[in-house]
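> Just to be clear, the model below is a prediction. Sequence and coordinates:
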Amino acid sequence: MARIVMKFGGTSVGNLERIRHVAKRVQSEVERGNEVAVVVSAMSGVTNQLVDYVNDSANLFDLREYDVVVSSGEQVTAGLLAVVLQDRGVMARSWLGWQLPLRTDDSHGSARIKQIEVAEITRRMAEGQVAVVAGFQGVDSQGRITTLGRGGSDTSAVALAAALQAQRCDIYTDVDGVYTTDPRSVAKARKLDKITYEEMLEMASQGARVLQTRAVEAAMNHRVRVQVLSSFEELPGTLVVDEDEIMEQQVVSGIAYSRDEAKITLVKVPDRPGVAAGIFGPLAEASINVDMIVQNVSAEGGKTDLTFTVPKADLAAAVRALEARKGELGAAEIVSDSNVVKVSVIGVGMRSHAGVALSMFQALAGKGINIQVISTSEIKVSVLIAEEYTELALRSLHTAYGLDAD
Ligand code: ADP
Ligand code: ASP
Ligand code: MG
């Protein structure tokens with residue numbers, strides 16, 4: 001007998017027929033003698049719709065009320081799954097974030113989990129009752145509903161698995177595992193049997209949607225055994241594991257991409273100490289994260305061009321903040337471009353192998369793709385390129401690093 005957490009994403013609970021299918025899978029785990037907690041997302045498309053409602057209702061809104069609205073999709077699926085399980089003769093009840101409670105800080109819209117009280121569900125699970133928990137939501141110290149950021153049900157599931165000291169946290173989704181790159185963009189993407197926590201963390205933070213970054217972080221910190229698998233087919237999935245569980249490490253394990261960034265260039269700013277601080281200060285004040293940065297001295301002496309990326313959603317605010325200081329910064333021009341994509345190659349093998357970045361630059365050059373900005377970390381190389389080359393870049397890099405499926 002094991003204690004397990006099963007998480008089902010939006011497509012997996014997309015309609016009643018699928019919820020019935022989920023109930024069947026949950027029932028089989030119960031019949032194997034396991035204690036089961038299930039975490040559900042909202043039906044696919046529902047959260048987007050709820051976010052749109054809030055955005056369309058006012059220009060500026062109270063994030064506490066945003067959370068009240070956007071958390072509601074999960075309430076529906078938790079209740080429905082409990083009903084369908086009961087209908088199949090499986091003991092089950094739904095739990096909303098505030099009922100457990102799953103306590104978070106008060107950063108509404110992207111709250112962090114502080115603690116989950118599991119005594120009551122543990123007791124009931126031991127008696128054979130399935131706990132159906134609404135993902136994505138919690139409660140702050142004031143008793144107000146919070147949400148955990150888009151894709152946050154993954155984090156609910158991993159955190160619940162940690163709190164329950166579960167043997168497994170199975171993330172059921174619409175693909176049958178973690179692939180070398182998004183299988184919807186590259187037909188030759190290959191399913192990985194295992195991936196390290198570190199690589200999964202980079203893949204997620206560089207744009208692979210399959211797991212939320214915070215979920216991987218939580219799994220890594222609490223050593224939760226996470227498996228990503230298909231909710232539609234009974235196939236082995238991908239295990240997220242420690243590095244020493246992987247025998248032969250590829251140099252590059254995966255490629256991720258993100259269309260969520262936009263590029264800003266400050267043209268001909270004076271090349272003197274304090275300029276970068278002068279530029280990034282106002283952005284930090286506006287809570288805008290800067291990701292990639294490149295500075296190049298321009299032909300004209302004493303001047304430099306400074307290029308960097310910000311989240312696409314923050315582009316207008318970033319440009320506004322900089323335009324307000326344009327004179328002070330001495331910039332000739334502020335140019336922005338949102339038709340860009342960041343492509344990243346990831347692999348722990350990079351630590352011990354030289355030439356990974358070079359292969360990337362050569363592969364892109366071979367296709368005539370211009371690199372606009374580069375950034376690297378210990379296990380990742382990222383480049384910013386024009387968005388229209390996304391698929392071509394992914395395909396050529398996938399082949400260049402020997403990742404193509406047979
Ligand atoms: P869920 O609703 O189940 O949480 P998501 O849409 O959040 O599902 O995540 C699954 C999607 O992640 C897949 O449909 C796939 O297109 C995308 N994806 C991106 N990169 C990868 C990857 N490397 N491996 C698998 N899926 C990926
Ligand atoms: N329903 C939420 C979202 O769409 C949370 C999740 O699905 O993980 O972001
Ligand atoms: Mg998801």
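Yep, it's here. Residues are numbered from 1 along each chain as shown. Ligands and ions are numbered 1, 2, ... in the order given.

> Wait, E35 touches A126, no?
Yes. Assessed by C-beta atoms under 8 Å, E35 is found in contact with A126 at 6.4 Å. Where C-beta positions appear, they are placed from N, C-alpha and C, glycine not excepted.

> measure the residue located most distally from the centre of the chain to L266 for me?
Farthest-out residue of the chain from its mean C-alpha position, per C-alpha atoms, centre = their mean: G301, at 42.8 Å. G301 is 17 Å from L266, where distance means C-beta to C-beta, to the nearest Å.

> got it, and L283?
11 Å.

> hey, what's in contact with both of the two?
L322 (C-beta atoms under 8 Å, 6 or more residues apart in numbering).

> neighbour count winner among these two?
Counted by other C-beta atoms under 10 Å, L283 and L266 do not tie: L266 has more neighbours, with 23 against 19.

> interface residues of this structure facing ligand 1?
Residues of the chain lying close to ligand 1 by C-beta under 6 Å from any ligand atom are 9-12, 41, 151, 173-175, 178-179, 181-184, 203, 208-210, 254.

> of those residues, list those near ligand 2.
Subset of those in contact with ligand 2: G9, G10, S41, G151, counting by C-beta under 6 Å from any ligand atom.

> So for the last one, what's the pLDDT?
In this prediction, G151 carries a pLDDT score of 97.

> try E300
Reported pLDDT for E300: 67.

> which residue packs closest to the residue in the stretch 251-400 of the chain that ligand 2 sits nearest to, ignoring adjacent ones?
When scored by C-beta to the nearest ligand atom, the stretch 251-400 of the chain has D260 as its residue closest to ligand 2, at 14.0 Å. The shortest distance from D260 to any non-neighbouring residue, by C-beta to C-beta, 6 or more residues apart in numbering, is to K312 (5.3 Å).

> Now do the same for the one you found: its pLDDT.
96.

> contacting residues for it?
So K312 contacts R259, D260, E261, A262, S338 (C-beta under 8 Å, 6+ apart).

> out of E35 and A126, which sits in the more crowded spot?
E35 (24 against 10).

> beta partners for the more buried one?
R3 (DSSP bridges).

> V240 too?
I195, V226.

> With T376 instead?
V381.

> That one - how many residues pack around it?
13.

> Next, work out how far apart G301 and D271 are.
8 Å.

> likewise Q49?
On the measure of C-beta to C-beta, Q49 and D271 end up 49 Å apart.

> Tell me which of those two has more neighbours.
Higher neighbour count among Q49 and D271: D271, with 16 against 12, using other C-beta under 10 Å.

> Would you check that the more buried one makes contact with K303?
Yes. The pair D271 and K303 qualifies as a contact (C-beta under 8 Å) at a distance of 5.9 Å.

> residue contacts, K114?
Applying C-beta under 8 Å, 6+ apart, the residues near K114 are R103, T104, D105.

> Now the last one. Nearest residue, chain neighbours left out?
To tie it back to what came earlier, the one meant is D105. R112 is the one closest to D105 (C-beta to C-beta, 6+ apart), at 5.1 Å.

> Could you check how far the one you found is from ligand 1?
19 Å (C-beta to the nearest ligand atom, to the nearest Å).

> Just confirm R214 contacts S153, I think it does.
No. Between R214 and S153 there is no contact under C-beta under 8 Å: 11.1 Å.

> Count the neighbours of the residue of the stretch 151-300 of the chain with the smallest separation from ligand 2 for me.
Nearest residue of the stretch 151-300 of the chain to ligand 2: S153, at 3.2 Å (C-beta to the nearest ligand atom). Neighbourhood size, S153 [other C-beta under 10 Å]: 29.

> ok, for it, nearest residue in space, not its chain neighbours?
G135 (2.8 Å).

> low pLDDT regions in the stretch 101-250 of the chain?
For the stretch 101-250 of the chain, applying pLDDT under 70 flags no range at all.

> The helix or strand encompassing A321 packs against which elements?
For A321, the host element (DSSP states H and E) is helix 315-323. In terms of contacts (3 or more C-beta pairs under 8 Å, 6 or more residues apart in numbering; DSSP states H and E), helix 315-323 is packed against strand 261-270, helix 275-285, strand 333-337.

> count of neighbours near the closest residue to S230 other than its chain neighbours?
Closest residue in space to S230, ignoring its immediate chain neighbours: D176 at 3.7 Å, by C-beta to C-beta, 6+ apart. A count of nearby residues for D176, using other C-beta under 10 Å, gives 20.

> Alpha carbons only: can I get the host helix or strand of D305 in CSV?
In this assignment (DSSP H and E), D305 forms part of strand 303-311. The C-alpha coordinates for strand 303-311 follow below in CSV (Å, rounded to 0.1, in the frame of the first residue of the first chain):
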residue,chain,number,x,y,z
LYS,A,303,28.5,55.8,-26.6
THR,A,304,27.0,52.4,-26.0
ASP,A,305,23.8,50.5,-27.1
LEU,A,306,22.2,48.5,-24.3
THR,A,307,19.7,45.7,-25.2
PHE,A,308,17.7,43.6,-22.7
THR,A,309,14.5,41.6,-22.4
VAL,A,310,11.5,42.0,-20.2
PRO,A,311,8.3,39.9,-20.0
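
> Quick one: residues in contact with it.
260-271, 275-276, 279, 283, 288-298, 318, 340, 342, 372-373, 384.

> Counting neighbours, what do you get for P183?
With other C-beta under 10 Å as criterion, P183 counts 18.

> Tell me which residues touch it, please.
V175, A189.

> measure the residue in the stretch 251-400 of the chain that ligand 1 sits nearest to to E388 for me?
When distances are taken as C-beta to the nearest ligand atom, the stretch 251-400 of the chain reaches nearest to ligand 1 at G254, 5.8 Å away. Per C-beta to C-beta, G254 is found 23 Å from E388.

> hmm, back to that, the helix holding A321: which residues count as buried?
L315, A318, V319, A321, L322 (16 or more other C-beta atoms under 10 Å).

> ditto for stretch 323-337
L329, A331, I334, D337.

> Helix, strand, or coil at the nearest residue to V175 once chain neighbours are set aside?
Spatially, and ignoring its direct neighbours in sequence, V175 is nearest to P183 (5.9 Å; C-beta to C-beta, 6+ apart). Each residue gets one of three states, and P183 gets coil by DSSP: H, G, I helix; E, B strand; the rest coil.
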